[in-house]
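# Generate coordinates for the sequence data below:
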Amino acid sequence: MRTLLCTIAACALWASPSLAQIDIVIQYLQVEAPAPSTLSNLDPRPEDLGLAGARVGIEDNATTGRFLGQTYGLQTHTVPEGDDPLPIAITALAQSDFLVIDAPAKALLAIADLPEAQGALLFNTSAPDMPLRSEACRPNLLHTGPSLAMRTDALAQFIQTRRWTDLALIAGEHPLDIAFAEALRGSLKKFGLTLNAEKTWAFDADMRRNAAQEVPLFTQELGDYDLLLVADEIQDFGRYIAFNTWRPRPVAGSEGLTAAGWSTVVEQWGAAQLQSRFRDAAGRDMAPEDYAAWAAIRAIGEAVTRTQSAEAASLRAYMLGPEFELAGFKGRPLTFRNWNGQLRQPIPLVHPRALVALAPLEGFLHQRNELDTLGLDAPESACTTFEAPQ
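Sure, this is the predicted structure:
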């Protein structure tokens, strides 16, 4: 049966005699950033992080595209650490209006502001910075990776559901740790929770040898609490906190219970098939950066299929409109917020061995979409370059 080969919607389009050939080439641009030094080398960064997800997305697009007269290609560009990304971005934009970018916020904004990028459609897959979704938003830049606030709001919902009211925080000194800690504070306030104790992790000792001696003394000063939050986004010291605290309490944040854009433990809603396809293609588990790149590629493919257009402006308008939905293997359709370009998506709350919950949690309501309880809602965003909220 034809329905075994393609979706119902795709088959309907495939049967139409008026379909024109559409050829889409997507540019993937990675701007290498310096890797922070950490105590442990147990979690090396894959060389194809993000890119592997884009490749799987291209293959998924091609599966449907074969029946619709669509072809998809992927061209990759890497900017070495310290080099100017703009010349390479200009080269990529000369070849295609679709650019998927793995880069820090500063580079993203510089690329989005290029004259060559004004008619293009750009996707941010890795920078979680809040200003990119607010006062520093750009109309040609959409975000498939979750913001920091989406992750910390998911954690805050879980904390409130568990009625953990006494909270403590340990935050590292790296800029990524500081930003995550600030997002945590904002989320706790948003959901009516209070942070009762806080300390900065400034150790330079080797915790691989000293954790059992140093961490109990360090956490003793926090007093009593229900949950210990850890802001260690560079994965430096957080792994040594659990089971070494003065009081036996659960740990969450960057370690313990974490909120992630994607995790290998997500297996429901058809996710096991995506996980399997990715492992077959990349030889490793799918990381959040891979998922965000996959989602960007698939969003383009879905919009092309529905609009039968290869024009960036038409695809952008469709993605930000009420008809667009992306099946993202997270239990709900994924859509873009038309006030700042952020992809709405559930956030898995996980530990290394299992999925604990999927935010938004039951009871957290919204007048338009419950997914908008995660991250910047329209009244909270200072982005003014997108359409009015719907």
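# what about the nearest residue to Thr161 once chain neighbours are set aside, distance to Pro346?
Nearest residue to Thr161, sequence neighbours excluded (CB to CB, 6 or more residues apart in numbering): Leu361, at 5.5 Å. Just so you know, the C-beta spots here come from the backbone N, C-alpha and C atoms, and that holds for glycine as well. Separation of Leu361 from Pro346 (CB to CB, to the nearest Å): 10 Å.
# So between these two, which is more surrounded?
Taking other CB atoms under 10 Å, Leu361 and Pro346 do not tie; Pro346 has more neighbours (24 against 16).
# mind listing what Pro288 touches?
Gly145, Pro146, Ala260, Gly261, Trp262, Ser263 (CB atoms under 8 Å, 6 or more residues apart in numbering).
# Whichever of the residues you listed count as buried, I'd like them selected in ChimeraX; how would that read?
In ChimeraX, this line selects whichever of these come out buried by 16 or more other CB atoms under 10 Å:
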select :145,146,260,261,262,263
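# where do the strands sit along the stretch 201-350 of the chain?
Secondary structure of the stretch 201-350 of the chain by DSSP state E, counting those that start in this stretch: the strands cover 227-231, 251-253, 257-259, 326-327, 333-334, 347-351.
# Can I get the ones you listed in TSV including distance to Ser187?
Below are the strands of the stretch 201-350 of the chain laid out as TSV (distance: least, CB to CB, whole Å):
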stretch	distance to Ser187
strand 227-231	10
strand 251-253	11
strand 257-259	10
strand 326-327	25
strand 333-334	21
strand 347-351	11
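# Could you list the low-confidence segments of the stretch 251-390 of the chain?
388-390 (pLDDT under 70).
# what are the ranges of the helices in it?
271-282, 288-307, 312-319 (DSSP state H, counting those that start in this stretch).
# Which of the ones you listed sits closest to Leu74?
Closest of the helices of the stretch 251-390 of the chain to Leu74 is helix 288-307, at 7.7 Å (criterion: CB to CB).
# between that closest one and helix 271-282, how big is the angle?
110 degrees (axes from the mean of the first three to the mean of the last three CA atoms, to 10 degrees).
# Check which helix or strand the residue positioned nearest the centre of the chain maps to.
Centroid-nearest residue in the chain: Gly145, 2.3 Å away (criterion: CA atoms, centre = their mean). Using DSSP states H and E, Gly145 falls within no helix or strand.
# How about the contacts made by it?
Neighbour list for Gly145: Asn124, Thr125, Ser126, Ala127, Pro128, Gly261, Pro288, Glu289, Ala292 [criterion: CB under 8 Å, 6+ apart].
# Just the pLDDT for the third one.
Ser126 is assigned a predicted lDDT (pLDDT) of 97.
# Let me know how buried it is, in neighbour terms.
As a burial measure, Ser126 scores 23 neighbours (other CB under 10 Å).
# Would you mind pulling the contact partners of the helix or strand where Ala183 lies?
Using DSSP H and E, Ala183 falls within helix 175-190. Residues outside helix 175-190 that contact it (CB under 8 Å, 6+ apart): 36, 128-130, 148-149, 151-153, 155-156, 159, 167, 169, 171-172, 194-195, 229, 231-234, 253-254.
# Just the C-alpha atoms of that helix, please, in PDB.
Only the C-alpha atoms of helix 175-190 are listed here, as PDB (Å, rounded to 0.1, in the frame of the first residue of the first chain):
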ATOM      1  CA  PRO A 175      30.000  32.600  32.000                       C
ATOM      2  CA  LEU A 176      27.800  29.700  30.900                       C
ATOM      3  CA  ASP A 177      27.400  28.700  34.600                       C
ATOM      4  CA  ILE A 178      26.500  32.300  35.500                       C
ATOM      5  CA  ALA A 179      23.900  32.600  32.800                       C
ATOM      6  CA  PHE A 180      22.300  29.300  33.800                       C
ATOM      7  CA  ALA A 181      22.200  30.300  37.400                       C
ATOM      8  CA  GLU A 182      20.600  33.600  36.500                       C
ATOM      9  CA  ALA A 183      18.000  31.800  34.400                       C
ATOM     10  CA  LEU A 184      17.300  29.500  37.400                       C
ATOM     11  CA  ARG A 185      16.700  32.400  39.700                       C
ATOM     12  CA  GLY A 186      14.300  33.900  37.200                       C
ATOM     13  CA  SER A 187      12.400  30.700  36.800                       C
ATOM     14  CA  LEU A 188      12.100  30.100  40.600                       C
ATOM     15  CA  LYS A 189      10.700  33.600  40.900                       C
ATOM     16  CA  LYS A 190       8.300  33.100  38.000                       C
END
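# just how off-centre is it within its chain?
Here the centre of helix 175-190 is set off from its chain's centre by 16 Å, with CA atoms, centre = their mean, to the nearest Å.
# This completes my enquiry, with thanks.
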